[in-house]
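1. just to be clear, the model below is a prediction. Sequence and coordinates:
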Amino acid sequence: QVQLVESGGGLVQTGGSLRLSCAASGLPFTFSRVVMGWFRQAPGKEREFVARISWSGKSTLYADSVKGRFTISRDNAKNTVFLQMNSLKPEDTAVYYCAADLESGRDSSKSYDYAYWGQGTQVTVSS
C-alpha cells in the first residue's frame, strides 16, 4: 500500500518560513528512483505545480511564483522529500500535496503525470 504522508504545515506570518516533509512508503519502485513533486491548491482554485526533484536530487524545477523562495530537497536514505518555504506570502496559502512520478526520466510539472498523492497539509500565511 502506497503512502505519502505530508507534515510541517501550519499558520505563519508574512515573511515567515515553514519546512514541509513528505514520507513515502510502499512505492512500487525504490524511492531513490522516483521523481517527487509538490503541488498546492488554494480555495476555489485549481491544483498547481510548485516544485519537483529528480530521483538523484541533482535536477529541480520550480514554478515561477516560488522560485528563489522555496527549495525542494530529498533524503533517499529516509524516503523523504522536503519543501523549505521562505519569505512566505499570503498568496502561498493553500493545501500542499506531495506526489510521486514513476517515470524517472520525465521532467514534468503536470499533475496528471504523478501517480501517487498524499493527503495534503494546510499552509496558511497571515498578512
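-> In hand now; what should we look at?

2. what's the distance between the residue nearest in space to the middle of the chain and residue 44?
-> Note on the chain: the residue nearest the mean C-alpha position is residue 38, at 2.1 Å, using CA atoms, centre = their mean. Residue 38 sits at a distance of 20 Å from residue 44 (criterion: CB to CB, to the nearest Å). (Each C-beta comes from the backbone N, C-alpha and C, glycine too.)

3. which parts of this protein are strands?
-> 3-7, 10-13, 18-25, 35-41, 48-53, 60-62, 70-75, 80-85, 94-101, 116-117, 121-126 (DSSP state E).

4. between the ones you listed, which gets nearest to residue 110?
-> strand 48-53 (7.4 Å; CB to CB).

5. who touches the closest one?
-> Strand 48-53 is contacted from outside by 35-41, 59-63, 66, 70, 72-74, 81, 83, 96, 101, 107-111, using CB atoms under 8 Å, 6 or more residues apart in numbering.

6. rounded mean pLDDT for stretch 4-23, please.
-> Mean per-residue pLDDT for stretch 4-23: 98.

7. tell me the buried residues in that stretch?
-> 4, 6, 8, 9, 12, 18, 20, 21, 22, 23 (16 or more other CB atoms under 10 Å).

8. again with stretch 80-87
-> So, applying 16+ other CB under 10 Å, buried residues of stretch 80-87: 80, 81, 82, 83, 85.

9. could I get those as TSV with distance to residue 29?
-> As requested, the buried residues of stretch 80-87 are exported to TSV (distance: CB to CB, whole Å):
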residue	distance to residue 29
80	16
81	15
82	20
83	22
85	28
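
10. for the closest residue to residue 54 other than its chain neighbours, what are its contacts?
-> Nearest non-adjacent residue to residue 54, counting by CB to CB, 6 or more residues apart in numbering: residue 35, 5.9 Å away. The neighbourhood of residue 35, defined by CB under 8 Å, 6+ apart, consists of 52, 53, 54, 55, 100, 101, 102, 103, 104, 106, 108.

11. try 10 Å this time
-> 52-56, 59, 61, 74, 81, 99-108, 113-114 (CB atoms under 10 Å, 6 or more residues apart in numbering).

12. just the buried members of those residues?
-> 52, 53, 54, 55, 61, 74, 81, 99, 100, 101, 113, 114.
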